[in-house]
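J.: sequence below, structure please.
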Amino acid sequence: MREVIKDYLRSDKELMELLGGQTDKFRRVYSVVSNMEEFPRLIVVELYSFPEGGADNEAILENGAYRITLYSKNKNYSEILKRIRKVLGNRFPDSVISVDSDGYEKDTKVYSKSLKIEIMM
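T.: Purely as a prediction, here's the structure:
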């Protein structure tokens with residue numbers, strides 16, 4: 001499911017423009033960061049995932065929670081967060097999306113803001 005979330009975020013042209021207008025739409029949304037100096041960027045992490053219900057030894061539903069963290073060199077990231085909420089809310093209408101945490105790292109001068117999405121499919 002994490003790959004589905006990442007692919008869905010990457011497919012949104014408006015979000016990619018907000019993240020720097022990369023022509024390579026697969027940059028800026030990661031599981032593992034390849035370039036520590038590239039900002040803003042998103043990291044998608046699975047918090048938990050488990051199948052629920054089932055028939056014939058196959059899961060019918062999947063529950064999961066994922067954290068999407070935005071890292072930026074400035075605090076001007078509200079439009080990016082709004083777009084993420086809209087994109088994921090449209091794709092997963094029964095999901096719960098909430099602000100999970102935010103912070104600032106003094107040594108690297110990087111701001112972070114996390115959203116948590118809980119999905120049942």
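
J.: just the strands in this protein please.
T.: Here the chain has its strands, by DSSP state E, at 29-30, 41-55, 58-72, 96-105, 110-120.

J.: which residues are in contact with residue 90?
T.: Residues near residue 90 by C-beta atoms under 8 Å, 6 or more residues apart in numbering: none. All C-beta atoms are positioned from the backbone trio N, CA, C, and that covers glycine.

J.: how near is it to residue 84?
T.: If you measure residue 90 against residue 84 using C-beta to C-beta, to the nearest Å, the figure is 11 Å.

J.: okay, and the beta partners of residue 102?
T.: Judged by DSSP bridges, the bridge partners of residue 102 are residue 113.

J.: hmm, which helix or strand of the chain has the shakiest average pLDDT?
T.: Between all helices and strands in the chain, the lowest mean by mean pLDDT, DSSP states H and E belongs to strand 29-30, at a mean of 62.

J.: chain center to stretch 92-109: distance?
T.: 9 Å (C-alpha atoms, centre = their mean, to the nearest Å).

J.: give me the longest helix you can find in the chain.
T.: helix 78-91 (DSSP state H).

J.: and that one, how far out from the chain middle?
T.: That offset, for helix 78-91, works out to 9 Å (C-alpha atoms, centre = their mean).
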